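Asker: Following is a predicted model, sequence given first.
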Amino acid sequence: MVQTQPQRCNFSAAAAGASHTVALRKSPEATIPREGMPCDTMSQNFHDHFSSVANRYADFRPHYPAALFEYLVTLAPKTSLVWDCACGNGQATLDLAERFNRVIATDASKEQIASAAPHRNVEFRVAPAEESGLQDASVRLITVAQALHWFDLDRFYAEARRVLKPGGVLAAWAYGINEVEGNAVNELVQDYYSNTVGPYWPTERKLVEESYRTIPFPFDEITPPVFRMEARWTLEQLLGYFSTWSATNRFIKAKGSNPLKPLSGALGDVWGDAHSTRLVTWPLTLRIGRK
């Protein structure tokens, strides 16, 4: 997460979606073709909602709790090969790499892979979830962070079963709408999510709102502990996060105006000191199962 110096009454350039200077960090492996690897092949069902905000995505998305990754270590040996599927810019990848010896991280978006930070234990590849290019029965753990709802599930589950070793684990998680400390602030946030940009959420978002419970999951399911995500953010950081939402960017394309500008003013009136932080929390949903 990037620490910023917010100004109370100014709508930040990052939140507005303006040019934001961030050095691209590209893993050397990201552009090296490998046998059986569909480097430039996208799934026919791949809907790219995030490449255009890849750098802001890296800066403003919240981090998953360390306890989640410590739990995953109890499900697969540290020596396991892990496939972090639809890794984005590596929000979960680097935490996995600190706990497992080797991680192959794939995403269908070249821009997201280009914005990922390299790590000695990680090999980044451009590949869709349904065509990983991995060998049969080569993986002990597959992780899917905030992405399962975008997949062609039948094809992805077939791919997961193909690459998982016997007894291997698929762990998919998603976080729902955030809540922000303070009733006045939170009411504005919920109204923005549901009403301002609500009509612009892709239909797949409904699966996240339903906590993945309506998604078929053809594995021997494991009941995980309860986790939640939290962060203390300034107003600028919160607006930066909203700028990464697919619904925000679809609103801008449809309307030709940025809905975060009026929200920034309204939140500024009730936030208090612009340099102060507020607790932001997200419920975390997990579906975990063994092959």
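Answerer: On my side now, so go ahead.

Asker: how about the helices in the stretch 101-250 of the chain?
Answerer: All helices of the stretch 101-250 of the chain, identified by DSSP state H, counting those that start in this stretch, fall at 110-114, 153-163, 183-191, 205-209, 235-242, 246-255.

Asker: Contacts for the third one, please.
Answerer: Applying Cβ atoms under 8 Å, 6 or more residues apart in numbering, the external contacts of helix 183-191 come out as Ile177, Asn178, Glu179, Val180, Leu238, Leu263, Ala266, Leu267, Val270, Trp271, Arg278. Glycine gets a C-beta too; all of them are placed from N, C-alpha and C.

Asker: Dump the helices of the stretch 101-250 of the chain to CSV, plus mean neighbour count and mean pLDDT.
Answerer: Putting those into CSV (neighbours: other Cβ atoms under 10 Å; pLDDT from 0 to 100) gives the following:
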stretch, mean neighbour count, mean pLDDT
helix 110-114, 22, 93
helix 153-163, 18, 98
helix 183-191, 15, 98
helix 205-209, 16, 93
helix 235-242, 25, 95
helix 246-255, 17, 96
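
Asker: List the ones among the contacts of helix 183-191 that fall in strands.
Answerer: The subset of the contacts of helix 183-191 located in strands under the criterion DSSP state E comprises Glu179, Val180, Arg278.

Asker: just the buried members of the contacts of helix 183-191?
Answerer: A residue is treated as buried here by neighbour count (16 or more other Cβ atoms under 10 Å); on that basis the buried members of the contacts of helix 183-191 are Asn178, Glu179, Val180, Leu238, Leu263, Leu267, Trp271, Arg278.

Asker: Find the nearest non-adjacent residue to the fifth one, please.
Answerer: Once flanking residues are discounted, Leu263 sits nearest to Tyr192: 5.4 Å by Cβ to Cβ, 6 or more residues apart in numbering.

Asker: Next one: that neighbour, what pLDDT does it get?
Answerer: Reported pLDDT at Tyr192 in the predicted model: 98.

Asker: do Cys9 as well
Answerer: Taken from the predicted model, the pLDDT recorded for Cys9 is 34.

Asker: Same question for the one 5 residues further on.
Answerer: Among the per-residue scores, Ala14 shows a pLDDT of 38.

Asker: same question, the one 4 residues further on
Answerer: At Ala18 the predicted local distance difference test score is 33.

Asker: What backbone torsions are found at the most centrally placed residue in the chain?
Answerer: Residue closest to the mean C-alpha point of the chain, counted by Cα atoms, centre = their mean, is Gln146 at 4.6 Å. The phi/psi pair for Gln146 (degrees, to the nearest 10) reads phi 60, psi 40.

Asker: ok, it to Ala184 distance?
Answerer: For Gln146, the distance to Ala184 equals 28 Å [Cβ to Cβ, to the nearest Å].

Asker: just for the protein, where's the confidence low?
Answerer: Of all residues in the chain, those with pLDDT under 70 make up the ranges 1-59.

Asker: Tell me which residues touch the residue nearest to Leu263, please.
Answerer: Neighbours of Tyr192 in contact, by Cβ under 8 Å, 6+ apart: Phe242, Pro259, Leu263.

Asker: and the end-to-end length of stretch 207-225?
Answerer: Taking Cα to Cα, to the nearest Å as the measure, stretch 207-225 stretches 21 Å from start to finish.

Asker: Let me see the ranges of the strands in the chain.
Answerer: With DSSP E applied, the chain shows strands at 81-85, 102-107, 122-126, 139-145, 164-175, 179-180, 220-222, 227-233, 278-290, listed in chain order.

Asker: Quick check: which of the ones you listed is nearest to Trp201?
Answerer: Proximity to Trp201, assessed across the strands of the chain by Cβ to Cβ, is greatest for strand 164-175 (13.6 Å).
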